[in-house]
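> The following comprises the amino acid sequence and a computationally predicted model.
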Amino acid sequence: MTNIQEKIVDKFGNRLRVRVCGICIENESILLVNHHSLVKKGDFWGPPGGGMDYGYSAEENLKREFSEETGLIIDIEKFLFVHEYLNPPLHAIELIFKVKRIGGSIRVGFDPELAESEQIIKNVRFMPFEEIDKLKAQNIHQMFLNVKDIPQLTDLNGYFLGKYISK
């Protein structure tokens with residue numbers, strides 16, 4: 001395990017976290033954040049989002065996370081589904097929302113829970129499904145593994161358990 005992976009486990013691991021994530025769609029592509037060192041085998045692409053802070057609503061938390069990670073200002077369109085991310089030592093209940101950009105400019109953001117020298121966000125960009133499908137299962141958020149297009153993704157509802165897949 002690398003030093004940064006040890007820091008991630010220390011900050012986020014071995015406990016259950018509640019997270020919020022947003023699906024932002026523009027020009028038939030989905031906004032994704034690339035994190036390095038989050039998984040053992042390469043980078044991890046997932047929707048912007050993060051842990052909820054006590055005393056703030058899910059929507060307030062998601063707007064904050066989007067601003068921190070991507071530089072975008074968003075509105076929440078609707079709640080989509082619940083995803084349970086289970087990849088010990090990481091375990092999270094994720095509330096997934098559909099969002100739309102109302103301002104800001106895309107930039108590679110930061111995680112305020114990590115020091116400047118320990119930042120793990122590597123890239124932020126819109127990615128079409130054709131490109132998402134080419135990623136290995138362990139390098140993409142599990143919500144994308146059983147859907148083949150945007151309508152299937154935004155039609156998901158209910159609860160989904162996404163166990164780590166090591167292909």
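Perfect, thanks for sending it.

> From here on, just use CA atoms for contacts and neighbour counts.
Noted.

> which residues does the closest residue to residue 79 other than its chain neighbours contact?
Spatial nearest neighbour of residue 79, excluding adjacent residues (C-alpha to C-alpha, 6 or more residues apart in numbering): residue 97 at 4.4 Å. Neighbouring residues of residue 97 by C-alpha atoms under 8 Å, 6 or more residues apart in numbering: 20-23, 76-81.

> Can you go through those residues and name the buried ones?
Judged by neighbour count, with 16 or more other C-alpha atoms under 10 Å as the criterion, the buried members of those are 20-23, 76, 80-81.

> Nearest to residue 44 among those?
Residue 44 lies nearest to residue 21 out of the buried ones among the contacts of residue 97, by C-alpha to C-alpha, at 14.6 Å.

> partners of the one helix or strand the residue nearest to residue 79 maps to, with directions?
Assessed by DSSP states H and E, residue 97 sits inside strand 90-104. For strand 90-104, the paired strands and their directions (DSSP bridges) are strand 15-26 (parallel), strand 72-87 (antiparallel).

> Next SSE downstream of the first one?
The one in question is strand 15-26. Criterion used, DSSP H and E; the element after strand 15-26 is strand 29-35.

> average pLDDT across the longest helix along the chain?
If each helix of the chain is counted by residues according to DSSP state H, the longest one is helix 58-70. When pLDDT is averaged over helix 58-70, the result is 97.

> Name the residues of that helix that are buried.
Of the residues in helix 58-70, those buried by neighbour count under the rule 16+ other C-alpha under 10 Å are 58-59, 61-70.

> Against which helices or strands is that helix packed?
Taking 3 or more C-alpha pairs under 8 Å, 6 or more residues apart in numbering; DSSP states H and E as the contact definition, the neighbouring helices and strands of helix 58-70 are strand 15-26, strand 49-51, strand 72-87.

> Mind checking those for the one nearest to residue 116?
If you check each of the helices and strands packed on helix 58-70 against residue 116 by C-alpha to C-alpha, strand 49-51 wins as the nearest, at 17.4 Å.
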